[in-house]
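Engineer: take a look and give me a structure for this.
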Amino acid sequence: MTVAVRRALGAATVTALLCAGAVACDEGSEKSGSASDAGTRSQSQVTQALTAAFKKTEAAKSAKVEMTMKTPTGLDGGGTMKMSGTMGWDPTVMDMTMTGSALTAGDPDAPEKMRMVWQDDVMYMDMGAEATKDMDMMDGKRWMKMDLGAMAEKSGDEQLMRQMTGSLDSMNQDPAQQIAVLLSSPNLKHLGAATVDGVKTQHYKGKLTVDEMMEKNDSLKALSKSERDELLKNVKKSGIKGYDTELWVNEDDLPVRIDVTMKTPQGAVEINESFSDYGSAVKVEVPPADQTFDLMEMLKKIGEAAGDPGSATGADGDV
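Structural biologist: Coordinates of the predicted model:
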């Protein structure tokens, strides 16, 4: 598989993590504004406020988004990934541009920025002009199409189908779903008023253990109990202890910012999301077919070149 394609697959994984938005910043992260009335709201008031935010955000269905993900350099693909653009939920629609060191690290030919378009459960990644030089695998086309559902169905692997479906559900974890998960925190707190990017907000924070996060993550319902248990085991093995989530909500009961961090032995993985222009129309134009190559077909070619005509994912199941 070419370096360019491996880079795109890595970027797609980062995209899924950013859009899932499962966790938030630790206490060492930089904060905007001040907590002038911290602790003044009762637990019932906090729950009521965030329930209102959940309903308002769910109804908005779209927003402009600025995201940043910082990963320790000790982890594979470490560095900074930034994304900006528009995102819609119910149904999922995205038009985002990615930049950052995590996109280009170790690959002098990697594009400095990459556009990602998502519509009808299909992701399209703009591989840049360099991709057109790889005629054998990409047929001179620069847009890579990733239809995860179709890939899983064609493979005939029921477990893979459930995992792929779960991935699609994860992509659907919009800001409303992030608030829903935060509401399940047993120690949800109101930290007071704060001004974020010139906007008056109320600041909230909650913590979830790995077990609690797994239990509340609806996307994992696509997996069997044994598969969820194995995933939980692997997450704990990685050294992740739990998640802290911080949320800033404006006077219209809409999230202005959600901060995200998973603490690992290699350092913290931080995700920061800023939202604006709720309800803005998300218009997505998918690239034309003559500029698009299907990842499924490319993997088939790779399998045939490796002497396994029936393989679409390789001998070990990896893509």
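
Engineer: please count neighbours and contacts with C-alpha atoms only from this point.
Structural biologist: Will do.

Engineer: what comes up buried for the helix or strand encompassing Ser44?
Structural biologist: Take DSSP states H and E as the rule and Ser44 turns out to sit in helix 43-60. Using 16 or more other CA atoms under 10 Å as the test for burial, helix 43-60 gives Val46, Thr47, Ala49, Leu50, Thr51, Ala53, Phe54, Lys56, Thr57, Glu58, Ala60.

Engineer: okay, now Gln119: neighbour count?
Structural biologist: A total of 17 residues lie near Gln119 under the criterion other CA atoms under 10 Å.

Engineer: which residues does it bridge with?
Structural biologist: Per DSSP bridges, the residues bridged to Gln119 are Val122.

Engineer: contacts only, for it.
Structural biologist: The neighbourhood of Gln119, defined by CA atoms under 8 Å, 6 or more residues apart in numbering, consists of Thr92, Val93, Met94, Val284, Val286.

Engineer: end to end on stretch 50-70, go ahead and measure it.
Structural biologist: For stretch 50-70, the first-to-last residue distance is 27 Å (CA to CA, to the nearest Å).

Engineer: returning to that earlier point: widest-spaced pair of the buried residues of helix 43-60?
Structural biologist: The distance between the two most remote of the buried residues of helix 43-60 (CA to CA) is 21.1 Å, for Val46 and Ala60.

Engineer: buried stuff in the helix or strand hosting Ile271?
Structural biologist: Using DSSP H and E, Ile271 maps to strand 267-276. Residues Ala268, Val269, Glu270, Ile271, Asn272, Glu273, Ser274, Phe275, Ser276 are the ones in strand 267-276 that count as buried (16+ other CA under 10 Å).

Engineer: what segments of the stretch 151-300 of the chain are helices?
Structural biologist: Secondary structure of the stretch 151-300 of the chain (DSSP state H, counting those that start in this stretch): helices at 158-171, 175-183, 210-216, 225-237, 295-305.

Engineer: ok, of the ones you listed, where does mean pLDDT dip lowest?
Structural biologist: Lowest mean pLDDT within those: helix 158-171, a mean of 48.

Engineer: skipping adjacent residues, who's closest to Ala102 in space?
Structural biologist: Here the nearest residue to Ala102 in space, its sequence neighbours aside, is Gly79; by CA to CA, 6 or more residues apart in numbering that works out to 4.5 Å.

Engineer: the one you found reaches Thr68, doesn't it?
Structural biologist: No: counting by CA atoms under 8 Å, Gly79 stays clear of Thr68, with 10.5 Å between them.

Engineer: and the residue lying closest to Pro255 once chain neighbours are set aside, how far from Lys56?
Structural biologist: In this structure, Pro255 finds its nearest non-sequential neighbour in Val249, 4.3 Å apart by CA to CA, 6+ apart. As for Val249, its distance to Lys56 is 11 Å (criterion: CA to CA).

Engineer: next: Trp89.
Structural biologist: Computed with CA to CA, the distance linking Trp89 and Lys56 is 13 Å.

Engineer: could you do Val284 as well?
Structural biologist: When CA to CA is the yardstick, Val284 and Lys56 sit 24 Å from each other.

Engineer: just Pro255 next, same as before
Structural biologist: Note on Pro255: its distance to Lys56, by CA to CA, is 9 Å.

Engineer: for Thr261, same thing?
Structural biologist: 25 Å.

Engineer: okay, now the spatially closest residue to Ala52 that is not a sequence neighbour: neighbour count?
Structural biologist: Nearest residue to Ala52, sequence neighbours excluded (CA to CA, 6+ apart): Asp253, at 6.5 Å. Neighbourhood size, Asp253 [other CA under 10 Å]: 19.

Engineer: cool, and the one 5 residues further on?
Structural biologist: Taking other CA under 10 Å as the neighbour definition, Ile258 ends up with a count of 27.

Engineer: go on, Gln291?
Structural biologist: Using other CA under 10 Å, Gln291 has 15 other residues around it.

Engineer: Thr86 - that's part of a strand, no?
Structural biologist: Yes: Thr86: assigned to a strand according to DSSP: H, G, I helix; E, B strand; the rest coil.
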